[in-house]
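In: here is my input; please provide its structure:
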Amino acid sequence: MRKYIFFTVTILVLASSCRKEPLPVTDNNTTLTEAMARDSLYYLMNQWYYWYDLMPAVTKENYSDPYSLMDAMRYQTLDKWSFVADYNEFMAEMQGTFVGHGFRIGLDDSDNARIAMIYSNSPLYALGVRRGWIVEKINDVDIAPILKSGNSTEYSNVIGPSTAGITNKFLFREPDNTEVTINSTKSTFQVNSVLLYDTLHLASGVTGHLVFESFIEPSEQELATAFAYFKTAGVTSLILDLRYNSGGYLYIAQQLASYIAGNAPANAGTVFGLLSYNNKHQDQNSAFKYISTPSPLGLNKVVVISSRLTASASEAVMNGLKPLMPVVSIGDTTLGKPVGMNGWEVGQKYFFWPVTFKMVNANNEGEYFDGIAPAKDVSDDITHDFNDRHELCLSEAIHYLETGSVAAKSIRGAPSFYRHAQFSEKPAWMDNGFSVIKNQ
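Out: As a prediction, the model looks like this:
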């Protein structure tokens, strides 16, 4: 299947075609310096940044590297996302290479630290750890007070850097209340972006249930496997759990939406998203359209489980499907990022990802900078695994599919809505909400 890719160039090509004075570049005899990379970013932001005319005025020589310059040049009112990444780290993350224990940790409504998410190829998963387990201590340090304080530096000091070979001691409390000590060594492994796919046999019919964590390169095959299963099972509706999905490649979002909407004649060539660039690059304005997929479902409704971590490419799927079907969300308001990035590789040392375009759906709907609000506020219930029907968000999604409306009060007696901070081992830019156009 052809990947629909938009214009993405390296900074070196851009420099040679658009600038009269020389831009710092590298060749076989030149070493890229931080100042050269900084100057390249300065030029790029003035040409391609979506809010280039609203950037703060800066003197680039006052900044020693592209990281600090990016922070200074961002349009702070709206842009929380433009970033500079180490080239090798970015490529590894988007190819699904992970270094660590492979989990996300958060607080439940009783202030217990619990495993909120865990990859199936991770060291801790192999040792039996699952979502919902209480984490009492890491390296003999009580971890819940650190999470409650939101002190990411202190948490990082306890868990250590994302380096293979580092061993941490965990004291867990299992679901049966048994305490167990596990020593886990951080390692390199391939992540699974599809955390779970299964079917629920409801009064309303066979419902697919997909827990999807990121739009990265391995997602293409993982989604193909999941939707082939859904197609064979005769799925007629879908619960799409995007609560921890902060975005990724837009062509994967296009594929996911196309699996859901299907290849019905009415959808052939229908616009999934319209991309608009700044007034210097209106020639790049383009449309992502629905495409053919190997196992299209052709659904007429989808329920999304969302959170404040649901962002960018995830929101694009929700917004892009709206003109074709009702999209009801359960959980928390999404992050609110209706814009995306193009990437520029610089000397195989940096990747620059500035916000370069805005995206709306076929009805010209977008501008959800305040996030997409759910039909029902429901706390992320990390006391239960994703496929446990007692999990609050899943329970509410099932209720909606079976009754056509959200519950007037919770299935379990109207608990208060809580929003708790969580920590993961991913780089900060992976959780800030990003949708990027992949060079090919």
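
In: contacts and neighbour counts: CA atoms only from here.
Out: Fine.

In: quick check: end-to-end length of stretch 281-299?
Out: Terminal residues of stretch 281-299 lie 36 Å apart, using Cα to Cα, to the nearest Å.

In: this protein: helices as residue ranges?
Out: Here the chain has its helices, by DSSP state H, at 11-18, 34-48, 66-73, 87-94, 123-126, 144-149, 152-159, 219-233, 250-261, 313-321, 392-403.

In: residue ranges with poor pLDDT in the stretch 301-440 of the chain?
Out: Along the stretch 301-440 of the chain, segments meeting pLDDT under 70 span 409-416, 427-440.

In: hey, where'd the strands end up in it?
Out: Ranges of strands within the stretch 301-440 of the chain are 302-306, 327-331, 339-342, 344-346, 350-353, 355-360, 376-377, 422-424, 434-437, based on DSSP state E, counting those that start in this stretch.

In: tell me the domain ranges of the chain?
Out: Domain ranges of the chain: 11-94, 98-190, 194-339+351-416, per automatic domain parsing.

In: most packed of those?
Out: Stretch with highest mean neighbour count among the domains of the chain: domain 194-339+351-416 (a mean of 20; mean count of other Cα atoms under 10 Å).

In: and I159, what is it in contact with?
Out: I138, N139, N168 (Cα atoms under 8 Å, 6 or more residues apart in numbering).

In: show me the residues you listed that map onto strands.
Out: Among the contacts of I159, the members falling in strands (DSSP state E) are I138, N168.

In: could the contacts of I159 be laid out in TSV, adding distance to Q282 and pLDDT?
Out: Listed next are those as TSV, based on distance: Cα to Cα, whole Å; pLDDT from 0 to 100:
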residue	distance to Q282	pLDDT
I138	52	97
N139	54	97
N168	51	97
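
In: I'd like the contacts of I159 as a markdown table, with distance to Y87 appended.
Out: Below are the contacts of I159 laid out as a markdown table (distance: Cα to Cα, whole Å):
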| residue | distance to Y87 |
| --- | --- |
| I138 | 31 |
| N139 | 32 |
| N168 | 28 |
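
In: out of the contacts of I159, which comes closest to M94?
Out: Distances from M94 to those, taken as Cα to Cα, are shortest for N168 (25.9 Å).

In: mind listing what that closest one touches?
Out: With Cα under 8 Å, 6+ apart, N168 has these contacts: I138, N139, I159, N183, S184, T185.

In: hmm, 10 Å instead?
Out: With contacts defined as Cα atoms under 10 Å, 6 or more residues apart in numbering, N168 is in contact with H101, I138, N139, D140, V158, I159, G160, I182, N183, S184, T185, K186.

In: can you tell me how far it is from N342?
Out: As judged by Cα to Cα, N168 and N342 stand 37 Å apart.

In: L299 too?
Out: Distance, L299 to N342, by Cα to Cα: 31 Å.

In: V406 now?
Out: Distance from V406 to N342, counting by Cα to Cα: 38 Å.

In: ok, S82 next?
Out: S82 sits 10 Å away from N342 when distances are taken as Cα to Cα.

In: likewise Y43?
Out: Separation of Y43 from N342 (Cα to Cα): 15 Å.

In: which ones are touching E365?
Out: E365 sits next to G273, L274, N319, G320, K322, P323, P338, M359 when contact means Cα under 10 Å, 6+ apart.

In: can you give me the strands in the stretch 51-200 of the chain?
Out: 83-86, 97-100, 103-107, 113-118, 134-138, 141-142, 167-173, 179-185, 187-190, 194-202.

In: and the ones you listed as JSON lines, adding distance to I382?
Out: Formatted as JSON lines, those follow (distance: least, Cα to Cα, whole Å):
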{"stretch": "strand 83-86", "distance to I382": "30"}
{"stretch": "strand 97-100", "distance to I382": "21"}
{"stretch": "strand 103-107", "distance to I382": "8"}
{"stretch": "strand 113-118", "distance to I382": "5"}
{"stretch": "strand 134-138", "distance to I382": "10"}
{"stretch": "strand 141-142", "distance to I382": "19"}
{"stretch": "strand 167-173", "distance to I382": "14"}
{"stretch": "strand 179-185", "distance to I382": "18"}
{"stretch": "strand 187-190", "distance to I382": "24"}
{"stretch": "strand 194-202", "distance to I382": "15"}
